[in-house]
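[1] Sharing a sequence plus its predicted fold:
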Number of protein chains: 2
Amino acid sequence: MSEKELRRNLAVLTVSTTIKLTGLTARQLRYYESFSLVQPQRSAGNQRLYSLNDIDCLLEIKSYLSSGMTMEEVKRVLTSGKSTNLVNDSTVSDSQARKIFRKEMLRIGQWGNNHDSNNLF
Amino acid sequence: MSEKELRRNLAVLTVSTTIKLTGLTARQLRYYESFSLVQPQRSAGNQRLYSLNDIDCLLEIKSYLSSGMTMEEVKRVLTSGKSTNLVNDSTVSDSQARKIFRKEMLRIGQWGNNHDSNNLF
DNA sequence: AGTTTCATGTTATAAAAGCTAACATGAGCG
DNA sequence: CGCTCATGTTAGCTTTTATAACATGAAACT
């Protein structure tokens, strides 16, 4: 692993800063972890420690979810397909299309929510 | 400020990770802060939050101190001379030379202390 | 030799942040 | 309508952090 990769994998960020950096809630962080979508390290006292890579991953998850995917689908995309590419080979089911549309509509109505255009690290 | 500078100035590191990254103690972090050598941000709940720049700064302070400088001298070097250069124009006083020598001797006797060759970020 | 100063250790006490687990909920789906 | 899913909320407990005060060992300065 290169030095840069090492740095990006250093687990140095606590839950609260991870919340700030991703715009997710503590509940969401734990929920996603329960699906093994992220695996933060733990401090000696059992507190979660996220790396910059984890942050990236979380932002990706967030994006996938907000586009209508379910947890299981996100998991499949993240674990199997190692392509960073957003466009996936899986065909979009009917119900998924509807879901995506709905979420999209919802998103449009969101004002006073600054947490969606971040690409922090 | 460039985007990279922004990132390096993001206050995202708690005391415990700062301790790990610098090898300093909590006491030292606060003491140095009391001289305004670093000025970490504070969380909503008043907890210190360090940036990568702060880490660099702390490592620099650590190095200066271990080379025999006093707090006030370190402060002068850090605030006035904006040169990143380690070699300073100030002449080394007699007592300082002795101090440096002593510290150096002490340092040589330090084993089981892995925290001195880090250039983490 | 006695006293001061300096950098740091140590301790006590309070507050903030984090953990787990359980129950609650609202929207979509069948 | 009843079920599932993603998330909110709450409760009780542990870890981390904060401040402030007192302690200390080595140097420096009379």
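    Great, that's in hand.
[2] Which residue does chain A have closest to DNA strand D?
    A:G45 (1.9 Å; CB to the nearest atom of the strand). Using the backbone N, CA and C atoms, a C-beta is placed for each residue, glycine as well.
[3] Contacts only, for A:T14.
    Contacts for A:T14 (CB atoms under 8 Å, 6 or more residues apart in numbering or on different chains) come out as A:47-50, B:14, B:17.
[4] Name the spans of chain A whose pLDDT lies under the cut-off.
    Within chain A, the ranges that satisfy pLDDT under 70 run A:81-121.
[5] hang on, the earlier thing: what separation is there between the residue of chain A closest to DNA strand D and A:V15?
    Noted for A:G45: a distance of 13 Å to A:V15, by CB to CB, to the nearest Å.
[6] These two: which has the busier surroundings?
    Remark: of A:G45 and A:V15, A:V15 carries more neighbours, 16 against 6, as counted by other CB atoms under 10 Å in any protein chain shown.
[7] A:I19 is in contact with A:R27, isn't it?
    No: checked against CB atoms under 8 Å, the pair A:I19 and A:R27 is beyond contact range at 10.2 Å.
[8] Which one of these two is surrounded by more residues?
    For A:I19 versus A:R27, neighbours defined as other CB under 10 Å are more numerous around A:I19 (17 against 8).
[9] Leaving out sequence neighbours, find the closest residue to the more buried one.
    A:A26 (6.3 Å; CB to CB, 6 or more residues apart in numbering or on different chains).
[10] Number of residues surrounding the one you found?
    Number of residues near A:A26 (other CB under 10 Å) recorded here: 12.
[11] Kindly report the residues of chain A close to DNA strand D.
    Proximity of chain A to DNA strand D, by CB under 7 Å from any atom of the strand, involves residues A:25, A:27-28, A:31-32, A:43-47, A:65, A:70-72.
[12] could you redo the last one with a cut-off of 10 Å?
    A:14, A:16, A:24-32, A:34-35, A:42-47, A:49, A:61-62, A:65-66, A:68-75 (CB under 10 Å from any atom of the strand).
[13] All the strands of chain A, in order from the start?
    For chain A, the strands defined by DSSP state E cover A:41-42, A:48-49.
[14] In JSON lines, list the ones you listed along with distance to B:L6.
    Below are the strands of chain A laid out as JSON lines (distance: least, CB to CB, whole Å):
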{"stretch": "strand A:41-42", "distance to B:L6": "26"}
{"stretch": "strand A:48-49", "distance to B:L6": "23"}
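[15] residues in contact with the residue of chain A closest to DNA strand D?
    Under the criterion of CB under 8 Å, 6+ apart, A:G45 has no neighbours.
[16] Let me know the distance separating it from B:S16.
    Taking CB to CB, one finds A:G45 at 9 Å from B:S16.
[17] the helices in chain A, which residues?
    Using DSSP state H, the helices of chain A run over residues A:3-9, A:15-22, A:26-34, A:52-66, A:71-79, A:94-108.
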